[in-house]
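Turn this into a structure:
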Amino acid sequence: MDRERFVTPSGRESFYPYSGPQNPIGRPGERRRGLLRVREVQLPSPLPSGSPGNDAFTARLLFRPDVEARQPVVFLHGFGFSLLRSWESIPAAFAARGHPSVILCLPHLCERARVDRPPGHHYTSTNAETALPAYEQAVADTRAALDWALEQPECASVASDPDMPGPAVVGVSFGALVAVIAAALEPRFESLVSLLGGADLEIIVFRGSYRTGIERQLRDAKIGIEQRRTARAMYEEYLDRVRAATRPLDVPAPFHFYLFDPLTFAPHLRERPALLMNARFDPVMPRSAAEQLRLELGCPEASWFWGTHLVAGPWLPYVARRVTRYLAARRPGERRIPLDTRAAVWVP
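Down below sits the predicted model:
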């Protein structure tokens, strides 16, 4: 990461840049998946990391040709599976109900992951040069996948229909965190669906299952509880300025992790339609983190289901039905009236 971006605050252009649509690498291929078609393409990352195995990614569009197309969906996966194909059942459930759905392989995960690093290493690193560029690349690749999807006939016809709402971004687990950031920076996403997601990294990390690994990194870097408390107190002031700003990146950030906490971006989604779905027995995403996101978004639609940190398997039919019913109720250009609620920044 270029440290000059922090030393010299220069506005939103310094972080999360996006250079626009990318030309595919080769011709798209297509296969059948039951009643669905799956069109696959390789795209160059618009924000390359310098690692050849990570700087091109797979995007797959799942659609059902025998039903009328509805609002397109961009689906963002989590850490869990090591193959992108293992995540297909979720966007396939949306596509089966008429929503053309694109799934992309996020940076440093699935087939783009290094075999010598644990899943999610880049995103859970306390090193600024490692974590922030990974999040920036994930958001840039999400926007590139959206551009590619909207060029496909199955989505282009919907996008040109004035009676049809614009695309939705749907993320699960880690993908839900990226979805919040991407929705705040990409106005073409007219609605957000967060599955097993939340906000406020202090809560997600130190009340969730990633605590041990993060604490080890902090000890190695000689960062103690007092430094954490100072950073949290500064974050509360920073978040107040972000809430009052026109754009989330207009406020200079004292610490790099402010720039990939979904809580930083949630204030700018308060009028955007959103659905939050979380599990009652989730050992990974604390309930308080889900509540932080809900409060900062102004209390959008939310539901809790009797499950764990999983939306596939026995929970998939319910989740798919709930999400597609929510999307079907959307209207073009719709705006939500948020409640006057705000997340309370917890200081350890």
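
which one's the longest helix in the chain?
In the chain, taking DSSP state H as the definition, the longest helix is helix 128-151.

buried residues in the helix or strand following that one?
Following helix 128-151 in sequence order, the next helix or strand is helix 153-159 (DSSP states H and E). Applying a neighbour-count criterion of 16 or more other Cβ atoms under 10 Å, one finds 154, 155, 158, 159 buried in helix 153-159. All C-beta atoms are positioned from the backbone trio N, CA, C, and that covers glycine.

for those, which one is nearest residue 122?
Comparing the buried residues of helix 153-159 against residue 122 with Cβ to Cβ places residue 155 closest, at 29.8 Å.

I'd say the closest one and residue 149 touch.
Yes. The pair residue 155 and residue 149 qualifies as a contact (Cβ atoms under 8 Å) at a distance of 5.0 Å.

what do the two both touch?
Counting by Cβ atoms under 8 Å, 6 or more residues apart in numbering, the shared contacts of residue 155 and residue 149 are 61, 72, 100, 167.

Of those residues, just say which sits nearest to residue 136.
Nearest to residue 136, judged by Cβ to Cβ, of these is residue 167 at 20.7 Å.

Ramachandran coordinates for the closest residue to the closest one other than its chain neighbours?
With Cβ to Cβ, 6 or more residues apart in numbering as the measure, residue 72 is the residue that lies nearest to residue 167, at 4.5 Å, once sequence neighbours are left out. Main-chain dihedrals, residue 72, degrees, to the nearest 10: phi -70, psi 150.

For residue 72, grab the count of nearby residues.
Each residue near residue 72 was counted by other Cβ atoms under 10 Å, and the total is 29.

what's the answer for the one 3 residues further on, then?
Residue 75 has 29 neighbours, counted by other Cβ under 10 Å.

Please name every helix or strand in contact with the helix or strand encompassing it.
Assessed by DSSP H and E, residue 75 sits inside strand 73-76. Under the contact criterion of 3 or more Cβ pairs under 8 Å, 6 or more residues apart in numbering; DSSP states H and E, strand 73-76 touches helix 89-96, strand 101-104, helix 128-151, strand 168-172, helix 174-185.

pull the CA atoms of the shortest one into CSV?
Looking back up the chat, that one is strand 101-104. Taking Å, rounded to 0.1, in the frame of the first residue of the first chain, the C-alpha atoms of strand 101-104 are listed here in CSV:
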residue,chain,number,x,y,z
SER,A,101,-27.1,-13.8,-10.8
VAL,A,102,-23.4,-13.3,-11.2
ILE,A,103,-20.9,-14.8,-8.8
LEU,A,104,-17.3,-13.9,-8.9
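
Name every sheet partner of that strand and say whether each one runs parallel or antiparallel.
Sheet partners assigned to strand 101-104 using DSSP bridges are listed as strand 56-63 (antiparallel), strand 73-76 (parallel).

hang on, the earlier thing: which one, of the helices and strands packed on strand 73-76, ends up nearest to residue 305?
Closest of the helices and strands packed on strand 73-76 to residue 305 is strand 168-172, at 13.1 Å (criterion: Cβ to Cβ).

report the angle between the axes of the closest one and helix 89-96?
With axes from the mean of the first three to the mean of the last three Cα atoms, to 10 degrees as the basis, strand 168-172 and helix 89-96 are set at 150 degrees to each other.

What are the buried residues along strand 168-172?
The neighbour-count check on strand 168-172 (16+ other Cβ under 10 Å) flags 168, 169, 170, 171, 172 as buried.

Kindly report the same for stretch 185-205.
Under the neighbour-count criterion of 16+ other Cβ under 10 Å, stretch 185-205 has 185-186, 189-205 buried.

Likewise for stretch 84-99?
Neighbour counts over stretch 84-99 (16+ other Cβ under 10 Å) mark 84, 87-88, 90-99 as buried.

Also stretch 232-247?
The neighbour-count check on stretch 232-247 (16+ other Cβ under 10 Å) flags 232, 235, 238, 239, 242, 243 as buried.

And the third one, which helix or strand is it part of?
Residue 238 belongs to helix 225-244 when elements are defined using DSSP H and E.

Could you give the separation of that helix from the chain centroid?
Distance, stretch centre to chain centre, for helix 225-244: 23 Å (Cα atoms, centre = their mean, to the nearest Å).

Kindly format the C-alpha coordinates of that helix as PDB.
C-alpha atoms of helix 225-244 as PDB (Å, rounded to 0.1, in the frame of the first residue of the first chain):
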ATOM      1  CA  ILE A 225      -5.400  -2.500  24.800                       C
ATOM      2  CA  GLU A 226      -4.600   1.200  25.400                       C
ATOM      3  CA  GLN A 227      -3.800   1.700  21.700                       C
ATOM      4  CA  ARG A 228      -7.100  -0.100  20.800                       C
ATOM      5  CA  ARG A 229      -9.000   2.200  23.100                       C
ATOM      6  CA  THR A 230      -7.400   5.300  21.600                       C
ATOM      7  CA  ALA A 231      -8.300   4.100  18.100                       C
ATOM      8  CA  ARG A 232     -11.900   3.400  19.100                       C
ATOM      9  CA  ALA A 233     -12.300   6.800  20.700                       C
ATOM     10  CA  MET A 234     -11.000   8.400  17.500                       C
ATOM     11  CA  TYR A 235     -13.300   6.200  15.400                       C
ATOM     12  CA  GLU A 236     -16.300   7.500  17.200                       C
ATOM     13  CA  GLU A 237     -15.300  11.100  16.200                       C
ATOM     14  CA  TYR A 238     -14.400  10.000  12.700                       C
ATOM     15  CA  LEU A 239     -17.700   8.200  12.200                       C
ATOM     16  CA  ASP A 240     -19.600  11.300  13.200                       C
ATOM     17  CA  ARG A 241     -17.800  13.300  10.500                       C
ATOM     18  CA  VAL A 242     -18.500  10.500   8.000                       C
ATOM     19  CA  ARG A 243     -22.200  10.700   8.700                       C
ATOM     20  CA  ALA A 244     -22.200  14.400   7.900                       C
END
